[in-house]
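>>> With the input below, show me the fold.
(2 chains)
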Amino acid sequence: MTFELSHYSAALLFALCASTVFGITQRTTPKDMLRYGAYCFVLFAVGVIVASWLMWLIKH
Amino acid sequence: MANPQNPATVTQRSSKVSPTSAASMASIAPVAGWLVPGLGHFIQRRYIRGSLLMLAVFVMFFAGLGMQGKVYQFNTGDLLDILGFIGDVGAGLLYFVARAMDWGGGNIHRAVADYGTKYIVVAGLLNVIAAVDAYHIAIGKKP
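Next up is the predicted model:
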């Protein structure tokens, strides 16, 4: 069983799973869990894009 | 019929829990949560949270294996290998099943296999966070 993921889709899957656990474990009410999970997901996703542009700038 | 979300009902329910059973739950929940992701929440009737935690850890672990990530063995060599082993063991029974089935041999020829290795380690670490959360619920620190 093997499957191929692109770099970005692998990062997004990572972000989805990690932010799910962070949201549930770091907040107490369901509404706060959802908000914090979404916040973590956005930070992960945007962080990957920012980091990739930084690496591009360093290379060029 | 009592509403389980009603604070008065929750107070009634928690007042019926004996200190002995609360103490045993504080021991059992984190161990159960470590062995089977989400089980620590399930046994405390947090079914939705338990299901989501189980799904997140299982998806990460098996996605890591699917990407041909490496499952670390016990070792006393390189520091990063030792830390990788500690992270992997956090997945509980998933780790022991993977070792018993000889899954996770790794593949140095594929870049995505390195992601898979990290997925497996992080699945274990996330499971430890979930087990600690189950403990916090058991001791009443979290609803």
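
>>> Just give me the longest helix of chain B.
Using DSSP state H to define each element, chain B has its longest helix at helix B:111-138.

>>> Could you pull out the buried residues of that one?
B:112-138 (16 or more other Cβ atoms under 10 Å in any protein chain shown). Every C-beta, even on glycine, is put in place using the N, C-alpha and C of the backbone.

>>> chain center to it: distance?
Its chain's average C-alpha position is 6 Å from that of helix B:111-138, according to Cα atoms, centre = their mean, to the nearest Å.

>>> Would you mind pulling up the elements that that helix packs against?
Helix B:111-138 is packed against helix A:7-26, helix B:19-35, helix B:39-42, helix B:47-66, helix B:79-89, helix B:93-100, with contacts defined by 3 or more Cβ pairs under 8 Å, 6 or more residues apart in numbering or on different chains; DSSP states H and E.

>>> Kindly recompute the last result at 6 Å.
Applying 3 or more Cβ pairs under 6 Å, 6 or more residues apart in numbering or on different chains; DSSP states H and E, one finds that helix B:111-138 contacts helix A:7-26, helix B:19-35, helix B:39-42, helix B:47-66, helix B:79-89.

>>> which of those helices has the lowest average pLDDT?
Lowest mean pLDDT of these: helix B:19-35, a mean of 91.

>>> Give me the angle between that one and helix B:47-66.
If you take axes from the mean of the first three to the mean of the last three Cα atoms, to 10 degrees, helix B:19-35 sits at 30 degrees to helix B:47-66.

>>> Is helix B:19-35 in proximity to chain A?
No: for helix B:19-35, no contact with chain A is found by Cβ under 6 Å from any Cβ of the partner chain; the gap never falls below 10.7 Å.

>>> what residues does that helix touch?
B:39, B:40, B:43, B:92, B:93, B:130, B:131, B:134, B:135, B:138, B:139 (Cβ atoms under 6 Å, 6 or more residues apart in numbering or on different chains).

>>> Those residues into JSON lines, with extra columns for distance to residue A:40?
Below are the contacts of helix B:19-35 laid out as JSON lines (distance: Cβ to Cβ, whole Å):
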{"residue": "B:39", "distance to residue A:40": "24"}
{"residue": "B:40", "distance to residue A:40": "21"}
{"residue": "B:43", "distance to residue A:40": "26"}
{"residue": "B:92", "distance to residue A:40": "23"}
{"residue": "B:93", "distance to residue A:40": "27"}
{"residue": "B:130", "distance to residue A:40": "15"}
{"residue": "B:131", "distance to residue A:40": "19"}
{"residue": "B:134", "distance to residue A:40": "20"}
{"residue": "B:135", "distance to residue A:40": "22"}
{"residue": "B:138", "distance to residue A:40": "25"}
{"residue": "B:139", "distance to residue A:40": "25"}
